[in-house]
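**Q** Using only what follows, build the 3D model:
(chains A, B and C)
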Amino acid sequence: MGNRVGIIGVGQTHHAAKRLDASGTELISEAVSRALDDAEITLDQIDAIVVGNMDHFENVNYVDMWATDGLGACMKPVFKVTTGGTTGTTLGACGYYHTGSGIFDTVLAVGWEKNSESDTQAAIATCANPVLERDPFAGAIGPLATEYSMYMSVYGATQEDAAIVAVRDRNNALNNPYAHNQMKVTVEDVMNSPMLSFPIKLLDICPRSDGACAVIFAAEEKAKALCPRPAWVHASVVRHDYTHFGDLEWQWMPTLERASEAAYKLAGITDPLNEFDVAELYIPASTCGVKWMDSLWFCERGGAPELIRKGTLEMDGQLPVNPSGGVIATNPIGATGLIRVGEAAWQVMGKAGDHQVLDVNKALVTGFGGCSWSDVMILGADLP
Amino acid sequence: MDRVAVIGVGQTKYEKGKRETFSELVYEVVTKALEDAGITIEDVDNIVSVSSDFWDGRTISSMAIQDAAGAFGKDITTVEGDGTFGALYGAMRLLSGNFGVGIVVAHHKGTESSMSGITNTSFDPLVERRLGLDAVTSAALQARRYMDRWGILEEQIAPVSVKNHGNAKRNPLAMLPMDITVEDVMNSPMMSTPLKKLDCSAPTDGACALILAAPHEAKQLSTHKKRVWLNGVGHCSDAFHMGDRDLSDTRALKKAAEAAYVMAGLEPSDIDVAEVYDAFTYMELMWLEGLGFCDDGMGAEYLERGVFDADGELPVNPSGGRLSANPVQVAGLACMAECVLQLRGEAGEHQVEEARTALAHGINGMCGQSHCVWIMGK
Amino acid sequence: MADWKDEVEEIVFDGKICVPYSWTVGSTLSKWYGIMRDDAEIWANRCPSCEMVFVPPRKKCIYCYEDMNEWVKLPGTGILETYTVVEHPEPGVYPRETPFIYGIIKMDGADTGLVHFIEGVEPDKVKSGIEVEAVMSKEREGNLMDIECFRPVD
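**A** A predicted model of the protein is given here:
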């Protein structure tokens, strides 16, 4: 039961702090057109569409309905999924299940956000329980800063370790024409940037971007017919945690441990650091790019700082992480996770241009959001 | 193609001003659905919640209900829209072969917010939103167009309200059981012509959960008596801007229904009972036409002949419909839950005789822009 | 056993999500509103493939998904396709005092309709199918309210 599924096309906008020339639906249409061109198919060949973003960032209810013009969804099946920061990877999973179900052959998944249109932190603050936590512990930086300060005190990680991650992702972005922040930085630059919430500084954290991403999924036979080298979906796993921030485990990332463990099992991965050729990870702050590496089973708990210092996850290291520049360079929230999926697919398809890693057979994708939820997707050049 | 089964349902009573928080409502229906299926949360490997940040008044509103849905450590995701679309995603996940048993759960506390203000945000902020359009006024534009096109009078849509509020008297979960006449509907306060208060559904609180199972698990975990199969599904969206559509046209519904009928290998005449999205009286007639139960423009005449009555040829909304309880998002899932009860013969006083095949319907967006149609059977 | 909930005096928090928004209008609608503001004219755009004319204009045809770069000026008249007289007030949402009239106007020279206010006709006299024309606002700011309303053609 169930179809095997491959990704056959990816499109994204040139992400920017503010895209004045394009409304939300127009931004979507740019990404969709590029994905169709990338797959060398037309909209007629799309059987169903799924779209996602975060409602309160643009204040549009029923976005799947409103975005019809941009999606090309008029007289087509469409619905919306949304899960906060994980929305993009949720969209990837949703495109996969659409085609895997056997109901649809070719499916378009579209994530987008115009972060420039609202006060992102004010909007995110409303995710906290209005009766318990919204007043004292809202916004995205607080929880991330808290977890890393704990990780530093327990495992001896440093602010400089995080800065190395920021430098890696930001400098990788220089090779990606779609990336939002294009600036060469050094560890000193990161260390000297303004402190936002100890230990997270301005250059450690992701920006707010306007952008959209579209990924086309196809069922096995269709994928083989339409695409010379599809990126096959080997696993898609989601794990959630508690509802309240106060209940969370801050020393490691239980959801990422569980999600990656389950995904590795599905894909037959036993030595992730060796078996993956590239990873596009949802790292919203450089600090996560240190601490969460433990939870991806790249090393023992507390081993991540060593990996970072040795350069294992650099472009020329054992496992290049975020050749695209990642979330720290580009963050149109509803699209961010889907960009990870799309970038990893391009790496497998050999279409990543100047940031292509050589001979990618297996790629790892993660998504992060909500109350420390984790999504993991594994793509590969061989049929699963 | 493989089919997914519904092996458990749970619903709250639908009412105004519920004292429970919406996560408590979710907990109530998930617990009921698990009990109904005779399984525990350990048997469940994935969850689809149906939430809306707008109605819930918080962003990432799925965060607020995941523990209540039993999602800790599980694969959970969120569909925003009507519950029928949540069920669709739930079924897709099972059909993909990745999961065995899933919960689809929707909640709504319509009485905590402003229906008009929230539905106004469905309109394009760049164009029509400034006009102040909302669910009622846009539906009124559609009703007028539909009635003008087919020469239908207000007195001819009013009986939908009489029928459905009457049906609600036999459904203990319905919010608005009422003994009313066409005259009562006609004399109720005018909202936006031609729609009067009793032509419109009212804000409602409630939740509903379905337990879905892949074929193998369905047969292992459930008995023939409890199992209801999802035999066909289709969904489709029309254009967004109201001016792009002929609002009296049901082409998107027709396409969705066609897909569902083809997948189920059935025709409209095979359906024994239907739960359709009657947020407004005229909608029930339009959707029945779009679903192929009668020709376009003939709904009112069929209604008058009693075809859609509880004891008619095709009972429509024996639960009392959305006119008697309209928890948005939950609504279409409640249609499916009602169909499950009907097919199991467990609908109590509102049981339709010999119901073997049922149709459930949900909509997204204003004026039924997008539709999801389910065909279910024993 | 007595239900402890019977003893509870339940508390309700009032809230309002107040997040400021600045919606990007985009090049296509910016051009449309710009012409409306500066020249008091209503324009539309045409699909190069199916030749459908859209008002408000779109970047792409909703059917053919082709970019639309051909602009056409509309006469500003049209046929009232449907209407509603709004009687129940909704303060904070409806910008007019009830009763007022919404209509969808199938615009002459275009294949789509515009939603707007209908004025200059008594609520009990308005009918579908009447010919209406746009009344442009005197003070125009580049938004949909640059059209004040549509009213019946004498």
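**Q** following the lowest-mean-pLDDT helix or strand in chain B, which helix or strand comes up?
**A** The least trusted helix or strand in chain B, going by mean pLDDT, DSSP states H and E, turns out to be helix B:53-56, with a mean of 81. Proceeding N to C from helix B:53-56, the next assigned helix or strand is strand B:75-80, under DSSP states H and E.
**Q** hmm, the next helix-or-strand element following that following strand in reach of chain A?
**A** Downstream of strand B:75-80, the first helix or strand assigned by DSSP H and E is helix B:83-95. Yes: interface with chain A: helix B:83-95 contributes B:85, B:88, B:89, B:91, B:92, B:93, B:95 (Cβ under 8 Å from any Cβ of the partner chain). (Each C-beta comes from the backbone N, C-alpha and C, glycine too.)
**Q** how about those, which pair is most distant?
**A** Of all pairs drawn from the residues of helix B:83-95 next to chain A, the one with the largest separation by Cβ to Cβ is B:85 and B:95; the distance is 15.3 Å.
**Q** quick one, phi/psi of residue B:303?
**A** Residue B:303 has phi and psi values of phi -60, psi -50 when expressed as degrees, to the nearest 10.
**Q** Secondary structure class of the residue nearest to it when sequence neighbours are not counted, three-state.
**A** Once its chain neighbours are removed from consideration, residue B:303 has its nearest residue in residue B:159; the separation is 5.8 Å (Cβ to Cβ, 6 or more residues apart in numbering or on different chains). Assigned state for residue B:159: helix (three-state reduction, DSSP: H, G, I helix; E, B strand; the rest coil).
**Q** Go ahead and confirm residue B:159 touches residue B:302.
**A** No: under the criterion of Cβ atoms under 8 Å, residue B:159 is not in contact with residue B:302, lying 11.0 Å apart.
**Q** Pretty sure residue A:238 sits in a strand.
**A** Yes: assessed with three-state DSSP, residue A:238 lies in a strand.
**Q** Which residue is the nearest non-sequential neighbour of it?
**A** The shortest distance from residue A:238 to any residue that is not its chain neighbour, by Cβ to Cβ, 6+ apart, is 4.3 Å, and that residue is residue B:75.
**Q** Quick check: bridge partners of that neighbour?
**A** Listed beta-bridge partners, residue B:75: residue B:46 (assigned using DSSP bridges).
**Q** repeat for residue A:10
**A** Beta-bridge partners of residue A:10, counted by DSSP bridges, are residue A:215.
**Q** Give me the pLDDT for it.
**A** As summarised for this prediction, residue A:10 has a pLDDT of 98.
**Q** got the contact list for it?
**A** Each residue near residue A:10 by Cβ atoms under 8 Å, 6 or more residues apart in numbering or on different chains is listed here: A:34, A:35, A:38, A:213, A:214, A:215, A:216, A:342, A:343, A:345, A:346, A:351.
**Q** Can you report phi and psi for the fourth one?
**A** Comment: the main-chain dihedrals of residue A:213 come out as phi -140, psi 140, following degrees, to the nearest 10.
**Q** Quickly list the domain ranges of the chain.
**A** Here I'm looking at chain A. A:5-119+A:209-226, A:123-206+A:233-380 (automatic domain parsing).
**Q** I was after chain B.
**A** Structural domains assigned to chain B are B:4-113+B:204-228, B:115-201+B:231-377, following automatic domain parsing.
**Q** how much space between the nearest residue to residue A:206 once chain neighbours are set aside and residue A:113?
**A** Of all residues beyond its chain neighbours, the one nearest residue A:206 is residue A:331 (4.1 Å), with distances taken as Cβ to Cβ, 6+ apart. Relative to residue A:113, residue A:331 is positioned 8 Å away (criterion: Cβ to Cβ, to the nearest Å).
**Q** if I pick the residue of chain C found nearest chain A, what's in contact with it?
**A** Across chain C, the shortest distance to chain A (Cβ to the nearest Cβ) belongs to residue C:26, at 3.4 Å. With contacts taken as Cβ under 8 Å, 6+ apart, residue C:26 has the following neighbours: A:21, A:22, A:23, A:25, A:26, B:126, C:59.
**Q** How many neighbouring residues does the nearest residue to it once chain neighbours are set aside have?
**A** If you skip the residues right next to it in sequence, residue C:26 has residue A:23 as its closest partner in space, 3.4 Å away by Cβ to Cβ, 6+ apart. Residue A:23 has 27 neighbouring residues, counting by other Cβ atoms under 10 Å in any protein chain shown.
**Q** tell me the pLDDT at residue A:23?
**A** According to the model's per-residue confidence, residue A:23 sits at a pLDDT of 93.
**Q** what number of residues lie near residue 163?
**A** Using chain A. Every residue meeting other Cβ under 10 Å relative to residue A:163 is counted, giving 27.
**Q** you looked at the wrong chain, it should be chain B
**A** Count around residue B:163 with other Cβ under 10 Å applied: 27.
**Q** list the helices and strands the helix or strand encompassing it packs on?
**A** Here residue B:163 is covered by helix B:154-168, with elements defined by DSSP H and E. In this structure, helix B:154-168 makes packing contacts with helix B:135-150, helix B:182-187, helix B:281-290, helix B:299-304, helix B:321-324, judged by 3 or more Cβ pairs under 8 Å, 6 or more residues apart in numbering or on different chains; DSSP states H and E.
**Q** Quick one: distance of the last one to the chain centre.
**A** The one in question is helix B:321-324. 10 Å (Cα atoms, centre = their mean, to the nearest Å).
**Q** which residues touch it?
**A** Under Cβ under 8 Å, 6+ apart, the answer for helix B:321-324 is B:14, B:160-161, B:164-165, B:167-168, B:171, B:174-178, B:200-201, B:275-281, B:284, B:317, B:331.
**Q** Ok, the second one next?
**A** Counting by Cβ under 8 Å, 6+ apart, the neighbours of helix B:182-187 from elsewhere in the structure are B:154, B:155, B:158, B:159, B:161, B:162, B:196, B:198, B:199, B:281.
**Q** in it, what counts as buried?
**A** Taking 16 or more other Cβ atoms under 10 Å in any protein chain shown as the neighbour-count basis, helix B:182-187 is seen to contain the buried residues B:182, B:184, B:185.
**Q** Can you tell me which residues in chain B are near chain C?
**A** Residues of chain B lying near chain C by Cβ under 8 Å from any Cβ: B:19, B:57-58, B:114, B:116-117, B:120, B:125-128, B:130-134, B:136-137, B:140-145, B:148, B:189-195, B:197, B:239, B:241-244, B:247.
**Q** Show the buried residues in the residues you listed.
**A** Applying a neighbour-count criterion of 16+ other Cβ under 10 Å, the buried members of the residues of chain B next to chain C are B:57-58, B:116, B:120, B:125-128, B:131-134, B:136-137, B:140-145, B:148, B:190-195, B:239, B:241-244, B:247.
**Q** near chain A too, which of these?
**A** When those are checked against chain A using Cβ under 8 Å from any Cβ, the ones in range are B:57, B:58, B:125, B:126, B:239, B:241, B:244.
**Q** Report the backbone C-alpha coordinates of stretch A:107-121 in PDB.
**A** Listed in PDB are the C-alpha atoms of stretch A:107-121, where the atom choice follows Å, rounded to 0.1, in the frame of the first residue of the first chain:
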ATOM      1  CA  VAL A 107       1.100  17.600  -6.300                       C
ATOM      2  CA  LEU A 108       2.400  21.100  -5.700                       C
ATOM      3  CA  ALA A 109       3.300  22.200  -2.100                       C
ATOM      4  CA  VAL A 110       3.700  25.900  -1.600                       C
ATOM      5  CA  GLY A 111       5.000  27.800   1.500                       C
ATOM      6  CA  TRP A 112       5.200  31.500   1.700                       C
ATOM      7  CA  GLU A 113       5.400  34.400   4.100                       C
ATOM      8  CA  LYS A 114       5.600  38.200   3.900                       C
ATOM      9  CA  ASN A 115       7.100  38.800   7.300                       C
ATOM     10  CA  SER A 116       7.600  42.500   6.300                       C
ATOM     11  CA  GLU A 117       3.800  42.900   6.600                       C
ATOM     12  CA  SER A 118       3.500  42.600  10.400                       C
ATOM     13  CA  ASP A 119       5.300  42.700  13.700                       C
ATOM     14  CA  THR A 120       6.600  39.100  13.700                       C
ATOM     15  CA  GLN A 121       7.400  39.000  17.400                       C
END
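**Q** Done for today, thanks.
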